[in-house]
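In: Let me see the structure of the following:
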Amino acid sequence: MKFFVIRKKTILQISFFTILFSFTLFFIYFSYSFEITNYSTTLLSNDDDFTSKIQNLTKQKEKYAYLTFDDGPTTKATPKILDILKEENVKASFFVVGKHVKENPDIVKREYEEGHFIANHGYSHNNKKLYSSKENFISEIKNTDLAIAEALEIPNYSSHIFRFPNGYMSSNNKSQKQKAAIYLNEINYAYIDWNCLNKDSEKKYSNYELLNNLKKTSKNKGTLVILMHDTNDVNKTTDILKESIDYLKSNGYEFKNFYDI
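Out: Numbering: from 1, shown residues only. Sure, this is the predicted structure:
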């Protein structure tokens with residue numbers, strides 16, 4: 001029978017290298033996890049330059065087109081819109097409503113996985129709730145972020161981009177929105193409106209009229225932030241989306257989404 005004698009110094013050396021190796025593995029894992037989460041959930045945190053770029057996007061002369069869709073996701077419109085965007089190789093930005101994210105998490109996940117930007121449009125799309133207090137306003141945004149995070153399985157998701165229901169430029173609730181813009185800054189959010197639209201949520205239009213509205217409001221403009229809706233409540237944007245994309249491409253526009261900023 002053979003006996004092996006291990007010196008105390010050797011044991012200490014083995015223990016030291018074991019601990020060092022374990023720590024190294026933990027550090028690599030933590031760094032990787034943080035990098036993925038951080039990339040997926042934030043743009044330019046605490047960056048005044050980012051806020052300025054968002055709010056001045058429509059003043060740019062370059063012919064870029066940012067397709068944005070409000071009020072979804074819905075089963076009756078969003079999947080069809082995603083099919084068309086995929087066929088046309090166009091990446092868009094979706095301003096989602098929190099309660100609809102809870103109803104349709106798989107659609108939101110598809111939007112994200114296909115390269116579209118998921119932005120915040122509040123939880124209820126109810127102005128009375130949204131502007132009733134500072135606490136309620138912030139809660140609407142944070143609860144929407146939580147719903148998106150759950151749908152995407154990405155902890156602490158935040159797009160840092162908000163769109164006011166009916167837009168900041170609307171005269172409705174103007175004084176409340178001026179206060180809310182300050183609250184947004186406090187939670188590291190920027191808001192954005194649009195400078196081009198097909199008016200698909202205003203009243204019933206024919207497909208020809210919808211497309212013509214887009215043409216009129218895009219005329220002689222550089223960068224476009226285009227408002228559409230993925231609801232089909234009043235008009236079916238799905239019916240004229242391909243033609244709209246073709247028109248913009250034929251006029252020299254390059255499509256982008258907010259990841260490109």
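In: Let me know the secondary structure of the nearest residue to Asn136 once chain neighbours are set aside.
Out: Distances taken as CB to CB, 6 or more residues apart in numbering put Lys129 closest to Asn136, at 6.1 Å, once the chain neighbours are dropped. For every residue, glycine as well, the C-beta is placed using N, CA and C. Secondary structure assignment for Lys129 (DSSP: H, G, I helix; E, B strand; the rest coil): helix.
In: What segments of the chain are strands?
Out: Using DSSP state E, the strands of the chain run over 64-70, 93-96, 117-120, 161-162, 190-191, 196-197, 224-229, 254-256.
In: Of these, flag the one that's most buried.
Out: Counting by mean count of other CB atoms under 10 Å, strand 93-96 has the highest mean neighbour count of these, with a mean of 27.
In: what's the offset of it from the middle of its chain?
Out: How far strand 93-96 lies from its chain's middle: 5 Å, per CA atoms, centre = their mean, to the nearest Å.
In: what lines up beside it in the sheet?
Out: Strand 93-96 sits in its sheet next to strand 64-70 (parallel), strand 117-120 (parallel), going by DSSP bridges.
In: Name the nearest residue to Val90, sequence neighbours excluded.
Out: Using CB to CB, 6+ apart and skipping the chain neighbours, the partner closest in space to Val90 is Phe255 (4.6 Å).
In: right, and that neighbour touches Leu85 too?
Out: No. If you go by CB atoms under 8 Å, Phe255 and Leu85 don't touch, sitting 9.1 Å apart.
In: Quick check: His229 touching Thr68?
Out: No. Assessed by CB under 8 Å, His229 is found out of contact with Thr68, at 9.6 Å.
In: Give me the contacts around stretch 126-143.
Out: For stretch 126-143, contacts defined as CB atoms under 8 Å, 6 or more residues apart in numbering pick out 98, 120, 122-124, 162, 165-166, 172-173, 176-177, 179-180, 183-184, 187, 189.
In: who touches Leu211 in this structure?
Out: Here Leu211 is in contact with 198, 240, 243-244, 247 (CB under 8 Å, 6+ apart).
In: Just confirm Asp193 contacts Tyr168, I think it does.
Out: Yes. Between Asp193 and Tyr168 there is a contact under CB under 8 Å: 5.4 Å.
In: Got the domain ranges for the chain?
Out: 1-41, 48-260 (automatic domain parsing).
In: Nice, that's everything, thank you.
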